[in-house]
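Asks: Need coordinates for the following:
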Amino acid sequence: MMQAAVSEPVWQQVNRLRKAGDLPGAWNTGFAGLAENPQNRYLRGALFWVCYDYLKGFLQPIMLRGQQNSGYRPSDREYRDIEGILEVIGQLQIPTGGFEYSRLLVLFRKNMDCFPTLIRLVMQHQDDLFNDEDKMPYVSDRGELPSLMLNCVRKVALAWQSFGKHWQLPLSDVLALLDRARGECRDIQHKLWLDYDQARCLVMAGKNREAREFILPVLRRKQSESWAWGALASTYRQDDSEAAVILFAKGIGCAVNDQFSIPLLKGIAPLLMTQGKSREGSLFIKKLVHIYQSQEWAVKQNIIELTQNSGYDQSVDLAELPSVITQLSAKALTYLHGPTRQCVGVVERCHQSGKGFEVYLSQRETLSVRLGLHQQASGQRKLPSPGDYVTLTLAEPEPGCFEVVASGNSEPVDMDGVETLTGILRVNPKGFGFVEDTFVPPFLLPKGMDGQRVTVIRIKSVDRKKQTIGWKAIHLGPDEGISAGIG
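Replies: Numbers count the residues shown, from 1 in each chain. Just a heads-up that it's a prediction; the model follows:
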């Protein structure tokens, strides 16, 4: 007698239909079965992946648009479709700790902040939503990419900034989540963004002093970034408009292109007009209009309103703007580091990594400078050369302990222990050389110059092995008089 065929479980039917591309059939079959057996965890799991495939389809056009214009916000129709599926996933009550939520969060890594159901899911299940792998950054040849946990927590903070009140998302809960991520994420390069996000949330909540405590460490690491100066400026906007103007101006001066300066220009212009500095304010307003027109963008209404201010003067010359920015931002570093002083030194050598250089101040004092702190006249981040003179801005975080907080090009000045010498180069078989009593390191020696007349920039330095003081070359070149035919 033949045995009756075993009927296929509903959850297996759902999986088969989904893999065959029949999402409506899988949906209808699955939810009909769930109505009869609501506790079937296998069926709930199978329906999760049906929902997941629907979401992938809804997100595809959004991702394609975002790759073209960097905007990943959904249309109203897309928002309704996606939120509807996300609400169904919530009703399925899939337990945390599995693969499902991790895949869902990765799927929405670009625009999670647009969907309240996802944000609530992160807040509700944060205790066991992220496993150890989710807290680890992805390390590639190009550096570190943020961990899944850090990315999601940042999206929660962004959602609060955009929709916090509308979504009834308490700030205290968001701040607690940011603090949790600081303790649990294993990110190194990107963890500072949690402080930046917290500062922005606190500014929006009117807690400017607290915000400052979070943005200052970020700015000290990102001192050449316009957005970082703008973030600190925003903490002063309500309490100290003079300070805000100084900091906005500093940020505008750091902007590597005009588009990056737009938020700061919008910040500084109305403050200057309110302070009665209509000429300076008019320059920044005119610059805003110029950026929009040069990009062929429609000038936004809030910018048009600035041009309608009674103090606005359209005839101002934008050529004056760089000097005004320099003037306004002169004291910016004091808000970051406290009192500072300046000194001039000469570049002794550049780091092999290309990320910094050493500056000679005296025979017993040399300071290291990060490339990010050096501002070329052209605005480019480029290492100076040994023998170049630079102006260093120094802070004193502890008595007698000086820290370089800024660097810029300088004209040569007379310095004790720094001289220019012309003489005959004598190369030793061991690889080093001398010009009279000046030691020339091997890496400075050009080929074929032994016995030639050269010019060196030399410094008086301490030989730590011999504990003696002598002359050392930091730059070597041909004798300019000879090369010009006048030697």
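
Asks: Now for residue 385, how many residues are close by?
Replies: If you count neighbours by other CB atoms under 10 Å, residue 385 ends up with 12. (Glycine included, C-beta is placed from N, CA and C.)

Asks: would you say residue 201 is within a helix?
Replies: Yes: counting by DSSP: H, G, I helix; E, B strand; the rest coil, residue 201 falls inside a helix.

Asks: ok now do it, which residues does it touch?
Replies: Contacts for residue 201 (CB atoms under 8 Å, 6 or more residues apart in numbering) come out as 157, 160-161, 171, 174-175.

Asks: do that again at 10 Å, thanks
Replies: Going by CB atoms under 10 Å, 6 or more residues apart in numbering, residue 201 touches 157-158, 160-161, 164, 171, 174-175, 178, 207, 210-211, 214.

Asks: One more: residue 249?
Replies: Going by CB under 10 Å, 6+ apart, residue 249 touches 229, 233, 264, 267-268, 272, 280, 284, 324-332.

Asks: Which phi and psi values does it adopt?
Replies: phi -60, psi -40 (degrees, to the nearest 10).

Asks: Would you check how far apart it and residue 169 are?
Replies: Noted for residue 249: a distance of 34 Å to residue 169, by CB to CB, to the nearest Å.

Asks: What of residue 106?
Replies: Residue 106 sits 22 Å away from residue 169, taking CB to CB as the criterion.

Asks: out of these two, which sits in the busier spot?
Replies: Ranked by neighbour count (other CB under 10 Å), residue 106 and residue 169 place residue 169 first, with 17 against 12.

Asks: Give me the pLDDT value at that one.
Replies: pLDDT for residue 169: 92.

Asks: got it, and residue 486?
Replies: 34.

Asks: One more: residue 7?
Replies: Residue 7 is assigned 83 on the pLDDT scale.

Asks: Contacts only, for residue 392.
Replies: Shown in contact with residue 392 (CB under 10 Å, 6+ apart): 340-345, 359, 361, 367, 369, 373-374, 402, 404-408, 410.

Asks: and those, which of them are in helices?
Replies: Using DSSP state H, no member of those sits in helices.

Asks: if we can go back for a sec, most surrounded residue in the contacts of residue 201?
Replies: For the contacts of residue 201, neighbours were counted using other CB under 10 Å, and residue 160 has the most, 26 neighbours in all.

Asks: Tell me which residues of whatever helix or strand that one lives in come out buried.
Replies: For residue 160, the host element (DSSP states H and E) is helix 148-163. The neighbour-count check on helix 148-163 (16 or more other CB atoms under 10 Å) flags 148-160, 163 as buried.

Asks: isn't residue 281 right next to residue 267, touching?
Replies: No: if you go by CB atoms under 10 Å, residue 281 and residue 267 don't touch, sitting 11.7 Å apart.

Asks: Now do the shared contacts for those two.
Replies: Jointly contacting residue 281 and residue 267 under the rule CB under 10 Å, 6+ apart are residue 245.

Asks: Just the buried ones out of the contacts of residue 392, please.
Replies: For the contacts of residue 392, a burial check counting by 16+ other CB under 10 Å picks out 340, 343-345, 359, 361, 367, 369, 373-374, 402, 404-407, 410.

Asks: between these, which is nearest residue 112?
Replies: residue 373 (35.2 Å; CB to CB).

Asks: The closest one reaches residue 224, doesn't it?
Replies: Yes: if you go by CB under 10 Å, residue 373 and residue 224 touch, sitting 7.3 Å apart.

Asks: Quickly list what's touching both of those two.
Replies: Applying CB under 10 Å, 6+ apart, one finds that residue 373 and residue 224 are jointly contacted by 381, 406.

Asks: returning to that earlier point: neighbour count for residue 281 and residue 267, which is higher?
Replies: Between residue 281 and residue 267, counted using other CB under 10 Å, the more crowded position is residue 281 (25 against 21).

Asks: Domain-wise, how is the protein divided?
Replies: 10-241, 242-337, 339-409, 418-483 (automatic domain parsing).

Asks: buried sites along stretch 362-372?
Replies: Neighbour-count burial for stretch 362-372 flags 363, 367, 369, 371 (criterion: 16+ other CB under 10 Å).

Asks: Now for residue 448: which residues touch it?
Replies: When contacts are counted by CB under 10 Å, 6+ apart, residue 448 is found next to residue 427.

Asks: that's a helix at it, yeah?
Replies: No: under three-state DSSP, residue 448 falls outside any helix and is assigned coil.

Asks: Please report how far it lies from residue 423.
Replies: 17 Å.

Asks: One more: residue 297?
Replies: From residue 297 across to residue 423, the span is 61 Å (CB to CB).

Asks: more crowded one of these two?
Replies: Counted by other CB under 10 Å, residue 297 and residue 423 do not tie: residue 423 has more neighbours, with 15 against 10.

Asks: Distance check, that one against residue 126.
Replies: For residue 423 relative to residue 126 (CB to CB), the value is 71 Å.

Asks: Could you name the helices and strands sitting against the host helix or strand of residue 177?
Replies: Using DSSP H and E, residue 177 falls within helix 171-184. The contact analysis (3 or more CB pairs under 10 Å, 6 or more residues apart in numbering; DSSP states H and E) places helix 171-184 against helix 116-124, helix 148-163, helix 192-204.

Asks: Show me which residues of the shortest one are buried.
Replies: Judged by neighbour count using 16+ other CB under 10 Å, the buried positions of helix 116-124 are 116-123.

Asks: now stretch 412-422
Replies: Those would be 415, 417-418, for stretch 412-422 by 16+ other CB under 10 Å.

Asks: Let's see which of those end up in strands.
Replies: residue 418 (DSSP state E).

Asks: where exactly do the strands run in the stretch 251-400 of the chain?
Replies: 340-350, 356-362, 365-370, 374-375, 389-398 (DSSP state E, counting those that start in this stretch).

Asks: I'd like these as CSV, with mean pLDDT and distance to residue 276 appended.
Replies: Formatted as CSV, those follow (pLDDT from 0 to 100; distance: least, CB to CB, whole Å):
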stretch, mean pLDDT, distance to residue 276
strand 340-350, 93, 29
strand 356-362, 94, 41
strand 365-370, 92, 39
strand 374-375, 86, 31
strand 389-398, 90, 30
